[in-house]
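1. Here's a sequence, model it:
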Amino acid sequence: FASRKQYTKLSNALQRTIRKIQEPYKENIVYVDCLTMFCTAETKAVPGAVHGGRAVPDRSYFDSDELHLNNEGYNVWRVIVKEKIEGILCGKDC
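-> Residues are numbered from 1 along each chain as shown. Down below sits the predicted model:
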């Protein structure tokens, strides 16, 4: 779990940095929150659980190292990222 805690810390720092710099470029930045995407429904719904590092990963999406996605996890990720990209490319005309 040490690597997951490190990932959470880096993810939170990245989110803070993005919020600071995004204002002038807001319309050109798209952020996909992969941290909550793969947490158990019970823990990602708890206020502050994700940012406090208390959200529990849904193990069905991860390899044995509990950090890297397995095939099922990548399938979920692919669908969500594909939808985001299609939305960007299509704009409001879809």
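2. Work out which residue lies at the spatial centre of this structure.
-> residue 34 (1.5 Å; Cα atoms, centre = their mean).
3. so what's that residue up against?
-> residue 77 (Cβ atoms under 8 Å, 6 or more residues apart in numbering). From N, CA and C alone the C-beta is placed, and that goes for glycine too.
4. which residues of the protein fall in helices?
-> Listed in chain order, the helices of the chain (DSSP state H) span 2-21, 34-37, 41-44, 71-90.
5. Could you give the average pLDDT over the third one?
-> In this model, helix 41-44 has an average pLDDT of 76.
6. Which residues belonging to it are considered buried?
-> residue 44 (16 or more other Cβ atoms under 10 Å).
7. Please tell me how far that helix is from the chain's geometric centre.
-> Offset of helix 41-44 from its chain centre (Cα atoms, centre = their mean, to the nearest Å): 14 Å.
8. Repeat that for the second one.
-> What separates the centre of helix 34-37 from the centre of its chain is 3 Å, taken as Cα atoms, centre = their mean.
9. before we move on, what about the last one?
-> When distances are taken as Cα atoms, centre = their mean, helix 71-90 is centred 12 Å away from the chain's centroid.
10. now for that helix, which elements pack on it?
-> helix 34-37 (3 or more Cβ pairs under 8 Å, 6 or more residues apart in numbering; DSSP states H and E).
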